[in-house]
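Enquirer: Whatever this is, show me its structure:
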Amino acid sequence: MGSIHKRVGAVLGSAALFVGVALTAGAGTASADETGDLASDIDVSVSTTGVSGLAAMSADGSLTVHITSPRDGHEMGFVRWNADPQPAPDIPGDSLIAKDISPDGWAVEAELSTGRIASTRGHKAIYMKVVSGNLPEGHPYKLRGCVVKGSERQCTPWRPVHA
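Expert: Numbers count the residues shown, from 1 in each chain. Below is the predicted model of the structure:
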């Protein structure tokens with residue numbers, strides 16, 4: 001029962017964080033390094049020793065995977081495949097996004113099956129990296145999120161996405 005309460009707490013904490021981001025996104029200088037509210041609806045567990053995540057698929061084929069530490073349940077960040085352009089905060093379509101929100105020493109990486117990687121490695125949290133480039137429409141791809149520290153790398157399972 002305790003793990004269910006931790007997961008519910010993590011989901012509620014994530015929702016509160018992203019609502020706060022959505023409400024404050026227009027308060028400062030807007031940049032391509034901000035995102036809006038990203039709701040979670042699918043629970044994805046990797047293992048007790050690897051990372052776990054909550055994934056949310058959008059109708060346009062975009063997918064967000066929130067990265068959570070299995071050791072203590074804190075949210076480490078998220079990775080996102082952005083299939084279509086977002087009008088605010090001006091993130092282009094066919095974009096891979098990695099955001100590190102925790103100053104825990106781990107970087108967050110988003111990896112696409114094409115070999116495209118967006119990484120927060122070398123930057124202090126809170127930091128977001130967007131890597132974009134046009135891909136053929138309707139083609140299937142896979143996305144996974146990883147946390148990295150030095151040579152250590154732990155990843156979620158691959159999830160299907162499309163351009």
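
Enquirer: Please name the strands paired to the biggest strand by length in the chain in the sheet, noting orientation.
Expert: If you go by DSSP state E, the chain has its longest strand at strand 140-149. If you go by DSSP bridges, strand 140-149 pairs up with strand 107-112 (antiparallel), strand 152-155 (antiparallel), strand 159-162 (antiparallel).

Enquirer: ok, and for stretch 123-139, which residues are buried?
Expert: By 16 or more other C-beta atoms under 10 Å, the buried positions in stretch 123-139 come out as 125, 127-130, 132, 135. Backbone N, C-alpha and C define where each C-beta goes, glycine included.

Enquirer: no, scratch that, I was asking about stretch 150-163
Expert: Going by 16+ other C-beta under 10 Å, stretch 150-163 has these buried residues: 154-156, 159, 161-163.

Enquirer: what's next to the longest strand of the chain, contact-wise?
Expert: With contacts defined as C-beta atoms under 8 Å, 6 or more residues apart in numbering, strand 140-149 is touched by 51, 53, 63, 65, 67, 76-79, 81, 96, 98, 105-114, 119, 121, 135, 153-163.

Enquirer: what does stretch 118-133 give?
Expert: Outside stretch 118-133, the residues touching it (C-beta under 8 Å, 6+ apart) are 32-35, 77, 79, 82, 91-104, 107-110, 116-117, 148.

Enquirer: wait, what's in contact with Glu109?
Expert: 79, 98, 117-121, 145-148.

Enquirer: what about Lys99, which helix or strand?
Expert: Using DSSP states H and E, Lys99 sits in strand 95-100.

Enquirer: hang on, the earlier thing: can you tell me which of the buried residues of stretch 123-139 end up in strands?
Expert: Counting by DSSP E, the buried residues of stretch 123-139 contribute 127-130, 132 to strands.

Enquirer: just to revisit the earlier point, of the strands paired with strand 140-149, give the one that comes closest to Ser58.
Expert: strand 159-162 (10.0 Å; C-beta to C-beta).

Enquirer: Pull that closest one out as PDB, backbone CA atoms only.
Expert: Extracted in PDB, the C-alpha atoms of strand 159-162 (Å, rounded to 0.1, in the frame of the first residue of the first chain):
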ATOM      1  CA  ARG A 159       7.800   3.800 -25.900                       C
ATOM      2  CA  PRO A 160       6.300   4.100 -29.400                       C
ATOM      3  CA  VAL A 161       5.900   7.600 -30.900                       C
ATOM      4  CA  HIS A 162       5.400   9.100 -34.400                       C
END
